[in-house]
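Enquirer: I would like to see how this sequence folds:
(one chain, ligands or ions: 1)
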Amino acid sequence: QVPLQHGAHRIGKRTDADMNRWRDYGLGEFIHMGLYSILGGDYNSMHYDGAAEWIRSWNKLPHEVYDNLYKKFDPKNFDPEVWARMAKNMGVRYVTITTKHHDGFCLWPSKYTDFNITKTPYKKDMIGPLVKAFDQAGIDVYLYFSVMDWHQADWRYDLKTVADSVAFNRFKTFTKNQLTELLTLYPQTKGLWFDGTWDNSWKKSGAFSDSLDQYLKKIHPGLIIGSRLRADDYGNRHFDANGHLMGDYEQGWERKIPSDYTATRGNDWDCIMTIPQNGWGYSKTWMGHWKTPYELIEMLAKCVSLDGNFVVNFGPKGDGTFRKKELQTADSIGAWMKVNHEAIYNAGYLNWTKQDWGYYTRSRKDGKIYMIVFNVPINGALKVSPAKKEHIKKAYLLQDNKTLHVEALDGNDVFIQLEQKNQQEPFVIVLETGQGGQAVEGENKHV
Ligand SMILES: C[C@@H]1N[C@@H](c2nc3ccccc3[nH]2)[C@H](O)[C@@H]1O
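Expert: Residues are numbered from 1 along each chain as shown. Sure, this is the predicted structure:
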């Protein structure tokens, strides 16, 4: 064990009520809105093929052109109730909203910089109404905050000189002030989602990141902060020099999902996912593959089956409305969740052998086991290999309670026989288990 001042201060999961609530969310939504939403990835009829919210870093777009976009920021059709209703219908239980992305533009009336929404034609705070609308809809709100801030003269990518450190110390104070402001203005916030913490300047600021984490939790008890905020004494992020997670959950799964349970290291985690290949802010022309609702539902099922949450990103347009394909995606996921949410909410990992037909989840409330089926085998028989001593007493379709025939195989395995094999969408089978002998006799039991 390496002695650390600023490594993980807690080994293992955080288990207070706020974190237990976080662990049970299942499905979340991310929303990226900012000056980049105005351009939608295009400028001077050229298309930037990087992530649309990074367009300021494109060499074809002069910084001062981008930074003057605030003069055009006017989401006339923005309605927080519409955003909250869309999220509710989709079945999300938490939402993370950008307050300030890497470009430094603040969607709230910050006292610490004029580069904020009050200086735009729109003038009004967007964050407050959104926090209120989502809160009233029963959706927990998390605030995204980028530490890296391209607009602040005191931002540094690295600390090479004394002058760098003097400037960056001012920047740290600015950052702490803005975060205090956000938590004071929006006390309903359940957590902060930090980003833009991968540069050397921040890696060299482990002590500050540690004290900032502790300060924020002191002024806002119960606050949830993932592993993207802190660096340890040696600049390690997410996991300290001793391999312990620094944060309330692992926040590294951006557009990627752990391959199996081992890859989660038994920590809490969530995966944030774009619907297009990449790109978080609105982009007029989405390049490449647009994930179908079923692809996203399979990712959701996989995340929950590995004890994580799945967060789908939406990028509203500069006028504050969502593009049609995003609305349709939210609708489709919501329709599936209406029928199958029992297998997602308050559910997590089950240590049974993964099968090809899909994913297991187990309810943390009553231990009920769910099979979320994506791939029906040709013979319509779904193989289940329960853990030792666990036996299947009953299997039925969640959507209509129809009991399914369970055929005992060798050992503890069973086949669950589907009647019709032409399912058109992912479906859920509920398994009731018990101790003791296999409850159902096989027709051709081998003696
Ligand atoms: C949640 C996501 N994090 C930001 C981001 N910037 C990156 C730079 C390099 C590699 C990955 C990145 N993700 C993206 O712009 C988006 O906000």
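
Enquirer: Got the phi and psi for Lys217?
Expert: Dihedral pair for Lys217: phi -80, psi -20, per degrees, to the nearest 10.

Enquirer: which residue sits closest to it, ignoring its sequence neighbours?
Expert: Leu223 (5.1 Å; CB to CB, 6 or more residues apart in numbering). Just so you know, the C-beta spots here come from the backbone N, C-alpha and C atoms, and that holds for glycine as well.

Enquirer: pLDDT wise, what is the residue of the stretch 151-300 of the chain found nearest the ligand at?
Expert: Nearest residue of the stretch 151-300 of the chain to the ligand: Trp280, at 4.1 Å (CB to the nearest ligand atom). On pLDDT, Trp280 comes in at 98.

Enquirer: if I read this right, it contacts Gly50, doesn't it?
Expert: No - counting by CB atoms under 8 Å, Trp280 stays clear of Gly50, with 11.1 Å between them.

Enquirer: Please say which of those two ends up with more neighbours.
Expert: Counted by other CB atoms under 10 Å, Trp280 and Gly50 do not tie: Trp280 has more neighbours, with 26 against 13.

Enquirer: quick one: contacts for that one?
Expert: Phe30, His32, Ala51, Ala52, Glu53, Thr274, Asn313, Gly315 (CB atoms under 8 Å, 6 or more residues apart in numbering).

Enquirer: Tell me how many other residues crowd the closest residue in space to the fifth one that isn't next to it in sequence.
Expert: Setting aside the residues directly before and after it, Glu53 is nearest to Gly281 in space (CB to CB, 6+ apart), at 3.3 Å. Other residues within reach of Gly281, judged by other CB under 10 Å, total 28.

Enquirer: Make sure Gly281 is actually in contact with Tyr48.
Expert: No - the criterion here is CB under 8 Å, and Gly281 misses it with Tyr48 at 10.7 Å.

Enquirer: what residues do those two have in common as contacts?
Expert: The contact sets of Gly281 and Tyr48 overlap at Gly41, Ile55 (CB under 8 Å, 6+ apart).

Enquirer: Not counting sequence-adjacent ones, nearest residue to the residue of the stretch 151-300 of the chain closest to the ligand?
Expert: The shortest distance from Trp280 to any non-neighbouring residue, by CB to CB, 6+ apart, is to His32 (4.2 Å).

Enquirer: doesn't Val312 make contact with the one you found?
Expert: No - His32 lies out of contact with Val312 (CB under 8 Å); the separation is 11.7 Å.

Enquirer: still on that earlier bit, run a quick neighbour tally on the residue nearest to Trp280.
Expert: The number of residues packed near His32 is 23, by other CB under 10 Å.

Enquirer: and the residue of the stretch 301-447 of the chain nearest the ligand?
Expert: Residue nearest to the ligand within the stretch 301-447 of the chain: Asn313 (7.5 Å; CB to the nearest ligand atom).

Enquirer: Would you verify that Thr99 is located in a strand?
Expert: Yes - under DSSP: H, G, I helix; E, B strand; the rest coil, Thr99 falls within a strand.

Enquirer: Now do the contacts for it.
Expert: Thr99 makes contact with Cys106, Leu107, Trp108, Ile127, Leu143, Tyr144, Phe145, Leu182, according to CB under 8 Å, 6+ apart.
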